[in-house]
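A.B. asks: Fold the following.
(chains A and B)
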Amino acid sequence: MSGGVDSSVAAALLLEQGYEIIGITMQIWDPGITEVEGEHVGCCSFTAVEDARRVASQLGIPYYVMNFRDIFEEKVIKYFTSEYLRGRTPNPCIACNRYVKFEALLDKALGLGADYIATGHYARLEYSPTHGRYTVRRAYDQKKDQTYVLYGLTQQQLARTLMPLGEYNKEQVRKMAGDLGMSVATKAESQEICFVVDDNYRNFLRDQASDIQPGHFLNMKGEVIGRHQGIPFYTIGQRRGLGLAGGQRLYVVNIDQEHNTITVGTEEAILDTDLIAKDINLVLYASLTETLEVEAQVRYNGSPAPATLKLLEGERLHVHFQNPQRSITPGQAVVFYQGDYLVGGATIERAGSE
Amino acid sequence: MRRVYFDHSATTPVHPAVAEEMYRYVNKTFGNPSSVHFFGREARKAVEEAREKVARAIGARPEEVIFTSGGTESDLMAIKGVAYANRSKGNHIITSAIEHHAVLENCHALEKEGFTVTVLPVDADGMVSPDSVAAAINDKTILITIMHANNEVGTVQPIQEIGRLAREKGILFHTDAVQSFGKIPVNVDELMVDFISISGHKIYAPKGIGALYIRKGVRWLPISLGGGQERKRRPGTENVPGIAALGKAAEIALDNMADEAARLTLLRDRIIKEVMENYSNIRLNGHPTRRLPNHINFSFEFIEGEALLLSLDLQGVAASSGSACTSGSLEPSHVLLAMGLPPEIAHGSLRITLGKDNTEEDVSYFLEVLPAIIERLRAMSPLYHKVSDDCETCAKTWCR
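C.D. replies: Just a heads-up that it's a prediction; the model follows:
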């Protein structure tokens, strides 16, 4: 329970369905600052704990704060920082779900004798006899759908997970919270990275890593055309904030950690029909046959596009899109669907084919 | 669900007779003890009667007892009050590694003001050795502060021996007796102490009231300044209901001490015996015999203390994993670390502290729900399989 509307209503819904509920807030990160009234300090701050505690006591359920700081630092913060330092763009929510929420928290829950963990994610989970698998389907509320960050879940994890909000939209959830008299009903959405205090990931990276060096911007011909502030501060497809003069619109096309250079080019240069991914997890199928037709999505807020998957040697995956995709970004996830069903996903290594 | 309260070192329920006494001073006798009129005199009488009761309970004179808001404030007043008053004599303070944070943090704060602090180690039972105190004393030493009974593991320290040493050398001696007061005899002359911190809510009085014993004639300065209350030693209008409650609770504790200690010792030893006999890879933390009559602290190896604690809570058994003042922090217990336990074990301890309403039935209930929890948590622990099963024949291949 984050103290937000979604997890609060999820708890209330399950309680109503007759489940015996234990509320848990995960303590994951100590921002090292004193909270100032009215400042956004991420989802797991002291006020979040107070909100969650209030909701739990209103629901009359046992409530605990559990500390996951060590594993969160190891599996999320270090990954987040090192990916940026390598010139890649990480997705910390996917790492958190995979190693912290649905692994470490699940373990603790089982230790308490619980049968399931439940979250306020917007996704529909169920066992499908036709597939012989625990499946994940897009949420009823397309705008809130969070299946993109859930592709890493294993069958064992899904078998132990409930997401009761999958059938509702956000307005309904807010209304339920209001009807239950929850003070969190009107709380603002938390979209930002929960451990980055001022919503400025660049400052966070500066705190975490001292050796970020400025370097050169190159054009597509390899000529130096400007100076960048350090590769972690840029992402593929970025146009704003480059500080480059010139008539045409320029986008980040490539980030080269080895030479500490960033190549920029025109819009065509950030379009590609192919990508190579690794670290594959499949939800809908036990294994991948030779090729598979899917709709693939290369970022959280992206749209799924028709694509063909082909397994390569060394547990790698080639994804070929029918139409070119913008800003295929190393480190981000490519997630596959067939209609509503989440097929699985993988981590993007690079754009292009073999 | 049956509810069993096994966390009396964290706090205790208010005794009905104490609540009744307190209510009188919340309700009818509301005066300010400093007022000259009838209402003030009535309140003053309550405060002075309570002072006598507390003084009697520790073998002190009433004027040597001042009321505070609790153990933490008493510790602060004793430590800083001695330090500031004796600065011209010296700047060295001796304490131990297992003190409550209220003592340790105040000692460390003084280090920033030019004082030096020796933090003595303890042995595997959590005992401070008087020899180590003797060895640490130098000609700058102005204060020794060693707790009477440890809050986390229940070990009772050799206060008398340390007190004798301190007196021989003319060094002031403070003991935090928050956990021992009311449970075992605390006598200022037998223990040879100059300052004692005590707290109300550990002895069936409410929270927010405590006392500090200051031996007559010692060099000490008040920390807070204001009116003339408590002979200017602790200004501020007296917490009359709290003070009356503490007096009553001290009186009851003194009257019942021998019988209650004997009764709790039986319950304590039944739990220790049955748990130690039924499980392997378990240790009793703290001294086996020189411990508080109500106090048990176990480490179950291969089990996280938190998981055990929460599982017990879900079965209605309220225990703790060390000090309530440090719950929520993920630091392993500084007490268990000081006793030489490895960090992974210092993380996972279970403290059971018994009290006046606990019965044989409570103990039976606890012993009944414990096995399933231990079994479940150990079944989930890969490390446990490595020590307990023969890996060649074990089906649980996931732990290899």
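A.B. asks: and the stretch 251-400 of chain B, which residues reach chain A?
C.D. replies: Counting by C-beta under 8 Å from any C-beta of the partner chain, the positions of the stretch 251-400 of chain B adjacent to chain A are B:304, B:306-307, B:310-311, B:313-314, B:328, B:330, B:373, B:376-377, B:380. All C-beta atoms are positioned from the backbone trio N, CA, C, and that covers glycine.
A.B. asks: What is the neighbour count of the residue of the stretch 151-300 of chain A at minimum distance from chain B?
C.D. replies: When scored by C-beta to the nearest C-beta, the stretch 151-300 of chain A has A:Gln156 as its residue closest to chain B, at 11.1 Å. By the criterion of other C-beta atoms under 10 Å in any protein chain shown, A:Gln156 has 12 neighbours.
A.B. asks: give me the element it is part of.
C.D. replies: helix A:155-159 (DSSP states H and E).
A.B. asks: who does that helix touch, helix- and strand-wise?
C.D. replies: If contacts are counted by 3 or more C-beta pairs under 8 Å, 6 or more residues apart in numbering or on different chains; DSSP states H and E, helix A:155-159 sits against strand A:133-137.
A.B. asks: for the strand it packs on, what is the average pLDDT?
C.D. replies: In this model, strand A:133-137 has an average pLDDT of 98.
A.B. asks: same check, this time on stretch A:315-333
C.D. replies: pLDDT averaged over stretch A:315-333 gives 96.
A.B. asks: List the buried residues of that stretch.
C.D. replies: A:316-319, A:321, A:325, A:327-333 (16 or more other C-beta atoms under 10 Å in any protein chain shown).
A.B. asks: ok, now stretch A:153-164?
C.D. replies: A:Leu153, A:Gln157, A:Leu158, A:Arg160, A:Thr161, A:Leu162, A:Met163, A:Pro164.
A.B. asks: Ok, stretch B:96-112 next?
C.D. replies: Here stretch B:96-112 shows B:Ser96, B:Ala97, B:Ile98, B:Glu99, B:His100, B:Ala102, B:Val103, B:Leu104, B:Asn106, B:Cys107, B:Leu110 as buried, counting by 16+ other C-beta under 10 Å.
A.B. asks: Which of the residues you listed fall in strands?
C.D. replies: B:Ser96 (DSSP state E).
A.B. asks: Let me see the domain layout of the chain.
C.D. replies: With no chain named, the answer covers chain A. Listed by automatic domain parsing, the domain ranges of chain A are A:5-186, A:213-265, A:270-351.
A.B. asks: try again with chain B
C.D. replies: B:4-9+B:257-399, B:16-253.
A.B. asks: Now do the contacts for the most centrally placed residue in chain B.
C.D. replies: Centroid-nearest residue in chain B: B:Gln179, 3.0 Å away (criterion: C-alpha atoms, centre = their mean). By C-beta atoms under 8 Å, 6 or more residues apart in numbering or on different chains, the contact list for B:Gln179 reads B:Ser9, B:Met147, B:His148, B:Ala149, B:Asn150, B:Asn151, B:Gly154, B:Lys202, B:Leu292, B:His295.
A.B. asks: Double-check that it belongs to a helix.
C.D. replies: No. Using DSSP: H, G, I helix; E, B strand; the rest coil, the assignment for B:Gln179 is coil, not a helix.
A.B. asks: gap between A:Leu244 and A:Thr25?
C.D. replies: Computed with C-beta to C-beta, to the nearest Å, the distance linking A:Leu244 and A:Thr25 is 45 Å.
A.B. asks: should've said B:Leu350
C.D. replies: When B:Leu350 is compared with A:Thr25 (using C-beta to C-beta), they lie 23 Å apart.
A.B. asks: what's the answer for A:Ser57, then?
C.D. replies: On the measure of C-beta to C-beta, A:Ser57 and A:Thr25 end up 13 Å apart.
A.B. asks: cool, B:Ile98 as well?
C.D. replies: 31 Å.
A.B. asks: Then B:Ser132?
C.D. replies: Distance, B:Ser132 to A:Thr25, by C-beta to C-beta: 43 Å.
A.B. asks: Give me the neighbour count for B:Thr118.
C.D. replies: B:Thr118: 18 neighbours (other C-beta under 10 Å).
A.B. asks: Any chance you could list what contacts stretch A:154-161?
C.D. replies: A:102-103, A:106, A:109-110, A:115-119, A:125, A:127, A:133-136, A:153, A:281, A:283.
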